[in-house]
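Asks: Provided below for reference: sequence and predicted model.
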Amino acid sequence: MADNKLADMSTEFAIQILKLTDGIKGHYSLSNQLERSGTSIGANIREAKYAHSRPDFIAKLQIAFKECYETEYWLELFVQSDILNRETAVDPYNQCGTIRRILIASINTAKENAK
């Protein structure tokens, strides 16, 4: 159940990021980085579902976790450089943080269960 919720959240987040970057004019290389990291979160969560082993499962979730941090970085950079206003970025930033916290709990649980 939690896996489906996380997968659904990450898909909704990816769609939000795609819509957000679609509205950014110029700065193609930067908006591309935001798109790549923001959509990679869900892709890695989905890959984890079909992992070959528990270590592979954990590794995929850790990659998704890292992509969350990268996405937060790009959002912060866009706000600080006035490419996005803070009000536009706050919801995706908060959603990314929620996904990140769920990933932390999932990774910790998987590591505990591996013992």
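Replies: Thanks, I have it.
Asks: just checking, what packs against the biggest helix by length in the chain?
Replies: If you go by DSSP state H, the chain has its longest helix at helix 86-114. Packing contacts for helix 86-114, counted by 3 or more Cβ pairs under 8 Å, 6 or more residues apart in numbering; DSSP states H and E, involve helix 2-22, helix 28-49, helix 54-80. For every residue, glycine as well, the C-beta is placed using N, CA and C.
Asks: same thing but at 7 Å, please
Replies: helix 2-22, helix 54-80 (3 or more Cβ pairs under 7 Å, 6 or more residues apart in numbering; DSSP states H and E).
Asks: right, and those helices - which one's nearest R36?
Replies: Among those, the nearest to R36 by Cβ to Cβ is helix 54-80 (8.6 Å).
Asks: tell me the mean pLDDT over the closest one?
Replies: On average, the pLDDT along helix 54-80 is 97.
Asks: Tell me what angle the helix or strand of the chain at the bottom of the mean pLDDT ranking forms with helix 54-80.
Replies: Across the helices and strands of the chain, mean confidence by mean pLDDT, DSSP states H and E is lowest for helix 2-22: a mean of 91. Inter-element angle recorded for helix 2-22 and helix 54-80: 30 degrees (by axes from the mean of the first three to the mean of the last three Cα atoms, to 10 degrees).
Asks: And the contacts of helix 2-22?
Replies: 31, 34-35, 38-39, 41-42, 45-46, 49, 92, 95-96, 99, 102, 106 (Cβ atoms under 7 Å, 6 or more residues apart in numbering).
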